[in-house]
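Participant: Here is a sequence with its predicted model. Questions after.
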Amino acid sequence: MSFTLAIVGRPNVGKSTLFNRLVGKRLALVDDQPGVTRDLREGDARLGHLRFTVIDTAGLEEATDESLQGRMRKLTERAVDMADICLFVVDARAGLTASDHFFADILRKRSAHVILAANKAEGRAGEDGLIEAYELGLGEPLRLSAEHGEGMSELAAVLDPIAESF
Ligand code: GDP
Ligand code: MG
């Protein structure tokens, strides 16, 4: 029973921070894996008793000639297609942006198994953003702080029944 979780969302919401927390030092040697480029980092994640593969969508921060939206779409679609479950991360401190709605649309159209997470929700600063995240229509947002390690057991509790089906 193993599954692949893709962490998706616009730049700067904390995807890589969460990836690093889940993977620790167990980063896969991506060079050996066909189909995985530097834009998609893959690692072996541990969360409670769960073991799974996690994908971080990176590389969107780099400037190229291609539009950011075009790259976001392509990269996200590739990650979604590789994954069994998507963890869609928004920034609870910043509130929702047009990019967040753009991602929500991609995920809905791909009819992926989506878990919504409002990150940076430590303390009170994320409370409004957490409530706002309901507007995405992707269910109840999980309250996370990747940086402070909050919400990890709640994430495990959400993944657990889904993992059973793989
Ligand atoms: P990514 O672009 O989505 O991969 O985001 P990063 O993981 O690179 O994080 C972007 C910024 O948000 C960094 O400065 C992180 O330190 C910060 N960050 C990540 N997670 C949290 C969190 O839980 N709380 C707060 N306050 N900041 C965070
Ligand atoms: Mg990143």
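Facilitator: Done, it's in. Residues are numbered from 1 along each chain as shown. Ligands and ions are numbered 1, 2, ... in the order given.

Participant: make it CA atoms for all contacts and neighbour counts henceforth
Facilitator: Will do.

Participant: isn't S99 right up against R10?
Facilitator: Yes. S99 is in contact with R10 according to Cα atoms under 8 Å; the separation is 6.4 Å.

Participant: the more surrounded of the two?
Facilitator: Neighbour count, other Cα atoms under 10 Å: between S99 and R10, R10 has more, with 26 against 15.

Participant: Select the longest helix from the protein.
Facilitator: In the chain, with assignment by DSSP state H, the single longest helix is helix 68-82.

Participant: which other helices and strands contact that helix?
Facilitator: strand 4-8, strand 50-57, helix 98-109 (3 or more Cα pairs under 8 Å, 6 or more residues apart in numbering; DSSP states H and E).

Participant: so what strands line up beside the next helix or strand after it?
Facilitator: For helix 68-82, the following helix or strand on the C-terminal side (DSSP states H and E) is strand 85-91. Applying DSSP bridges, strand 85-91 is found paired with strand 4-8 (parallel), strand 114-119 (parallel).

Participant: So which bits of the chain are right by ligand 2?
Facilitator: S16, A58 (Cα under 5 Å from the ion).

Participant: got any ranges where the chain has weak pLDDT?
Facilitator: 1, 25-38, 59-65 (pLDDT under 70).

Participant: Tell me the residue of it that sits nearest ligand 2?
Facilitator: Per Cα to the ion, S16 is where the chain lies closest to ligand 2, at 4.1 Å.

Participant: So that residue lies in a helix, does it not?
Facilitator: Yes. According to DSSP: H, G, I helix; E, B strand; the rest coil, S16 belongs to a helix.

Participant: wait, doesn't it sit right on D56?
Facilitator: Yes. The pair S16 / D56 is scored as a contact, 6.4 Å apart, by Cα under 8 Å.

Participant: neighbour count winner among the two?
Facilitator: Higher neighbour count among S16 and D56: D56, with 24 against 19, using other Cα under 10 Å.

Participant: For the chain, which residues are neighbours of ligand 1?
Facilitator: Contact residues, the chain versus ligand 1 (Cα under 6 Å from any ligand atom): 11-17, 119-120, 145-148.

Participant: Put the buried members of those residues into a PyMOL selection.
Facilitator: Of those, the buried ones can be selected in PyMOL as follows, counting by 16 or more other Cα atoms under 10 Å:
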select buried, resi 11+13+14+15+16+17+119+120+145+146
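
Participant: residues in contact with I55?
Facilitator: I55 makes contact with T4, L5, A6, I7, F19, L40, R41, E42, G43, A79, A83, according to Cα atoms under 8 Å, 6 or more residues apart in numbering.
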